[in-house]
Structures are given as C-alpha cells and as structure tokens.
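Peer 1: Need the 3D shape of this:
(2 chains)
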Number of protein chains: 2
Amino acid sequence: MTAAQITPTWIAVDWGTSNLRAWAMDGSRVLAEVQSDDGMGKLTRDGFEPALLRLIDPWLDRGPVPIFACGMVGSRQGWVEAPYRTVPCTPLAPAAQVTAPTTDPRLTVHIAPGLKQTTPADVMRGEETQIAGALSLMPGYDGILCLPGTHSKWAQISAGEVVSFQTFMTGEMFALLSEQSVLRHGMQGDGWDDTAFDAAVSDALSRPERLGARLFSLRAEGLIAGLTPAAARARLSGLLIGTELAAARPYWLGQRVTLVGASRLSNAYARALKSQGVDAHSLSVTDCTLAGLSSLALQTEAAR
Amino acid sequence: MTAAQITPTWIAVDWGTSNLRAWAMDGSRVLAEVQSDDGMGKLTRDGFEPALLRLIDPWLDRGPVPIFACGMVGSRQGWVEAPYRTVPCTPLAPAAQVTAPTTDPRLTVHIAPGLKQTTPADVMRGEETQIAGALSLMPGYDGILCLPGTHSKWAQISAGEVVSFQTFMTGEMFALLSEQSVLRHGMQGDGWDDTAFDAAVSDALSRPERLGARLFSLRAEGLIAGLTPAAARARLSGLLIGTELAAARPYWLGQRVTLVGASRLSNAYARALKSQGVDAHSLSVTDCTLAGLSSLALQTEAAR
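Peer 2: Got it, this is the predicted structure:
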C-alpha cells in the first residue's frame, strides 16, 4: 500500500517531549503509523505545524481530516496550552479540548488537556488519555491504574473518574543513575538477573529508607565483590521499583491493579507486585492511547 | 614571590576524578598552591606524569622532592593501583603506599591506598587521607566523622582506626536531579530558602520512604502552586540530606559528630543535624587533606 492510498477518517497523535507518533485511523482501526523524533522538547511554537505536516501530509490528499492529539504538545511550552483539568474528574472531556492555531486549511488539531491535583500537588499530560483508553477497554473498571514510565503514575479510578493520583520519578532516576552516575561503570550491556531484581524489590519494600545507602553498594560490590553488570542493573531497577511500591502502598494494598505501560517495564512491575500478593492485569500503552483518542474523536463528532 | 623561589621540602597532591591540586609544602606550612582540571577521569595511564609536571615543574629546580598523593590517582584506572586496605584499620599506613612509575628522575610519587569494607561492601579513596588529617588535628578523637560531598561518607572512628563506614550518593543525586532531570526547569539560579530546607529535612526524616513521591512534587508545585526556584533547590537538598540522615541514624544518634567538607555543604549538614539535637563540629576539608598527607610525609621520612 502506498501512502497515497491511505484515507483516514481521523488521525491520532501522541506528542511527547521526545517523540511524535501519528496513526491514520478509520474508526477504531489503524490504517498506518508514522513517527519522528520531533518531540515537544526540541520545537519552538511555530515548529509544530511543519513537524506534523512532514509526517501526515500524504494522508490529507482528500481534504481535511480531524486530528486528535495528546501529550506535552498541550503544555505551556507546547503548540498551544491546554490548561489542566482538576481531579476528581473524568480523564478526558471533549469540551475541554483546545484547538491549535494552524495556517494549513486542511488541519484541525484538537489537543487534550492534562490533569492536575491540588493537594498533594501533581500533574499529568498524556496519561489521562491512556487512562481514558483503559476505561474504554474495561468498561465499568473501578480500582487502580499504574502507568510505569519515565514518570510513573498511580491513579485511583472510581465511577469513571480519576479520584487521585501520584507521580514517581522512578524511570528517570533509573536512566540517570544507570547512564550518568558513577554506577554506570558497573552496568554496561543489556543483561538482566531476575533473582537480583526480586531480592532488591523485597529489600527496598522492607527497608525503603535505606535506598540512599544501597545505591553506592552497587558500585562497591562491582569493585570488590564481583557483582555482574546484569545483577547490578536488575538490582538498581528492583531497588527503585521497590521504593516506589513502598511509597505507593496505599494505592495497591488489597486493590485491583491494572498496569498500562511498555511490556518489559510492565512485566517488572507485575513481578514486583506479584511478590506482594497482587495479581496485576496488563494493557498495552499504545492500545490505551489509541482507545483514549478514539473515544475523544467519537464524542467530538457526536457532539456536532 | 616568583615560582623559581619556591623550594618545598615535600609536595602534597590531591588527585581526584575531575581535578588535580598540588601544594608546595615546608613541613606543615603551605608555600604555594596550584591546580588544574587534569583529573584522573580524563587521563590515560601515561598522561599522569606530564600532567603533574605541568603543575609542579617550577618547584623541582633544586632537585628531587618527595611527593605524597591521595585520591582516584590510586584507582585501577589511575596512575598505578594502590590496593584498598580493609577496615577496621588506621586510615593511612606509610608501608602500604605505592610508588608511581616515573621517567623524570626528580619525581618520587607515593600514592596512598583507599579503604574497603567487606560487609556491607563499600570503598573510599581520598577520604581516608581526610580522616587521617582530622585525627591528627583532633588527637584521640573517638566518634563519627561525616564527609559530605559527591559521595558522602560516614565513618565510625575508635582508637585511631576506621571501624566501619557507609557511602551515600547524596551529592551526585542532587547534581543529577537539579541539573539533568525534569526538576531542573524549576531550579534555575543559585537561590536558597532555609525554611524550605528545614521542612524538607524534617519531612524526609519522619517519612524517608516517601522520597520517590516527593521529588516530582517539586515539579508539580512549580507548575501549579508557584514554588520558587530557591525553595525548590533547598527542598531538594533537604529531602536528599534528610533521607541520608534517616539511613545513617545509627551513625549519629547520640554520637559525637565532626563534619569534614566544603563549608556550604557542611553548613547544610550541620543545620540538619542540629534539628535532630546533634551539635556537629566542622573542619575544613583542605586542612584535613593537607594534615593527612603531612602525617604520611612525616612518618615516611621518619621510617627511612
């Protein structure tokens, strides 16, 4: 199939800090997918429209197609600010979408706002769409959604609303410590050691206040006790995820938990939760993003 | 005074990962000080001798002068490996020094070994010399030495020996989070807010397991609650130092504590400890390094 033959009824866009992904959609069916590294982080305000057109221009041959976007594209530094909505509230609301300023008449870009929580202060952008998608894939879901990632989110869902949520910097800490800190010397490669991960999760959950002390031991054991890179990587991950679980305990203890994330990361969280007696269900983050944007597209069209 | 007039009886060298500092000494008196950014981290093995000569060549006009060095210069990736000694032991031992291979006949470079602890695994290089210096400045000291820095160390001292020690990555975490993570957006400048620091120390000490959750709140409060960069910086520092104090509690609770570090950082630790009822005494880290290397120089000469 050549690009010219793709005629979507709408276009889904996930526009984060580092990446831009777009899907040509026909209802809830994906016709094509494209992506680039034109993330929000490297664009100035007038760079968004050209960046989007570079990817989706071939899909616009038959005229205007509505576009639904989520993520950092709606932040203050993004294309146009889509002000946060305040929880408790539904994850998405068609009426709260903001339309981006465009010069190409074929473009109508709806941007979904993120959510904020006043006390304790917290924010999300992009995850609200994944949450909406998870709820549309699991109608009537009541319980906890955990969205592991650079900034992991735990959200309490009840009656179709996000009641409260909490963000952890676990993914970013793992990247900084494993790639930029002194610990990087003992973590080369992509190896993994489940036993080391499990022990670290258990250790962090039982004495989470010792995290600061345990991190440097990864370096010291590499130097004087033969700790392997695979074990060091897995232990760092286990320490950070275990510390997150310790602080997030009110979210998962005795609760129904669904994970929405990249499969490898969701698997690590599922394994850690399982060790605490919680059987978490997993959904694909891409499926949830598309389902969330689909529900927006559908409701917006219906409201016309 | 021109460089040609400086005639040291020995030369002290503190050679870390990022910096090289040398002092022309006459006994315990400093005649001159020089430094460069030729740290161990950017040198290959045959780069150490030229890097040192670039700094101290003018001091060698009257012939050979013994040189005493500490720090990462003695690591496996350094000039020559000075194998770790194992605690409990005195911080320095003249007989354990390693002589670096040199081609210039005027150079005799003694390198002090670091210390290791088998269980829990831990290592230090450079701090053992600061500890020896602190003990020579406070003869008969029994108690705790805290050496705040990139990798903070807590050491228990008894009868002139390092009994045990523990490393925390607090300084490196502060640098990574304030300069490289998403938190950097809310921390521009050099501002400081003592009240925010105190509250964060107290918060981290009472619920250290919540660190992961509290970090992102710095970003969220910057976005939606007007948190100032000065308060954000001080709170990040307070959270990390408080978390370190929580894990290091067995080291300081009811103990005599002396801080050896850069003055601004030592002041922050002293303030945090004071809030817990501990009056810590402070020593200058440079004074301690020079006193430690002086004691090595003196004992080495005396042993001849």
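
Peer 1: For stretch A:258-272, what is the distance to the chain centroid?
Peer 2: In terms of CA atoms, centre = their mean, to the nearest Å, the centre of stretch A:258-272 is set 12 Å apart from its chain centre.

Peer 1: Give me the contacts around that stretch.
Peer 2: A:130-131, A:134, A:138, A:141, A:143-149, A:171, A:194, A:197-198, A:201, A:237-238, A:241-242, A:245, A:280-285, A:288 (CB atoms under 8 Å, 6 or more residues apart in numbering or on different chains). No exception for glycine: its C-beta is placed from N, CA and C like everyone else's.

Peer 1: Setting aside sequence neighbours, what's the nearest residue to A:Arg233?
Peer 2: A:Met187 (4.9 Å; CB to CB, 6 or more residues apart in numbering or on different chains).

Peer 1: ok, now how distant is the one you found from B:Glu81?
Peer 2: 22 Å (CB to CB, to the nearest Å).

Peer 1: ok, these two, which is more surrounded?
Peer 2: Shown here are A:Met187 and B:Glu81; by other CB atoms under 10 Å in any protein chain shown, A:Met187 has more neighbours (25 against 13).

Peer 1: For that one, which residues are in contact?
Peer 2: Contacts of A:Met187 by CB under 8 Å, 6+ apart are A:Ser178, A:Leu218, A:Pro229, A:Ala232, A:Arg233, A:Leu236.

Peer 1: Could you point out which of those residues is nearest to B:Val257?
Peer 2: Checking the contacts of A:Met187 against B:Val257 by CB to CB gives A:Leu218 as the nearest, at 26.7 Å.

Peer 1: Just read off the phi/psi values of the residue nearest to A:Arg233.
Peer 2: For A:Met187, the backbone dihedrals are phi -130, psi 20 (criterion: degrees, to the nearest 10).

Peer 1: which bits of the stretch 151-300 of chain A sit near chain B?
Peer 2: Proximity of the stretch 151-300 of chain A to chain B, by CB under 8 Å from any CB of the partner chain, involves residues A:151, A:166-170, A:172-173, A:176-177, A:180-182, A:208-213, A:215-217, A:219-221, A:223-225, A:240, A:243-244, A:246-248.

Peer 1: Looking at those residues, which are in strands?
Peer 2: Judged by DSSP state E, the subset of these located in strands is A:Gln166, A:Thr167, A:Phe168.

Peer 1: Can you select the buried ones among these for me in ChimeraX?
Peer 2: Buried members of these can be picked out in ChimeraX with the line below, counting by 16 or more other CB atoms under 10 Å in any protein chain shown:
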select /A:166,167,168
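
Peer 1: With pLDDT added, can I get the ones in strands among the residues of the stretch 151-300 of chain A next to chain B in JSON lines?
Peer 2: Putting these into JSON lines (pLDDT from 0 to 100) gives the following:
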{"residue": "A:Gln166", "pLDDT": "97"}
{"residue": "A:Thr167", "pLDDT": "97"}
{"residue": "A:Phe168", "pLDDT": "97"}
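
Peer 1: JSON lines for the ones in strands among the residues of the stretch 151-300 of chain A next to chain B, including distance to A:Gln5?
Peer 2: Shown next, in JSON lines, are those (distance: CB to CB, whole Å):
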{"residue": "A:Gln166", "distance to A:Gln5": "46"}
{"residue": "A:Thr167", "distance to A:Gln5": "42"}
{"residue": "A:Phe168", "distance to A:Gln5": "44"}
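
Peer 1: and the residues of the stretch 151-300 of chain A next to chain B, which are buried?
Peer 2: Burial by neighbour count, 16+ other CB under 10 Å: within these this picks out A:151, A:166-170, A:172-173, A:176-177, A:181-182, A:208-213, A:215-217, A:219-221, A:223-224, A:240, A:243-244, A:246-248.

Peer 1: Now intersect those with the helices, please.
Peer 2: Members of those lying in helices (criterion: DSSP state H): A:170, A:172-173, A:176-177, A:211-213, A:215-217, A:219-221, A:223-224, A:240, A:243-244, A:246-247.
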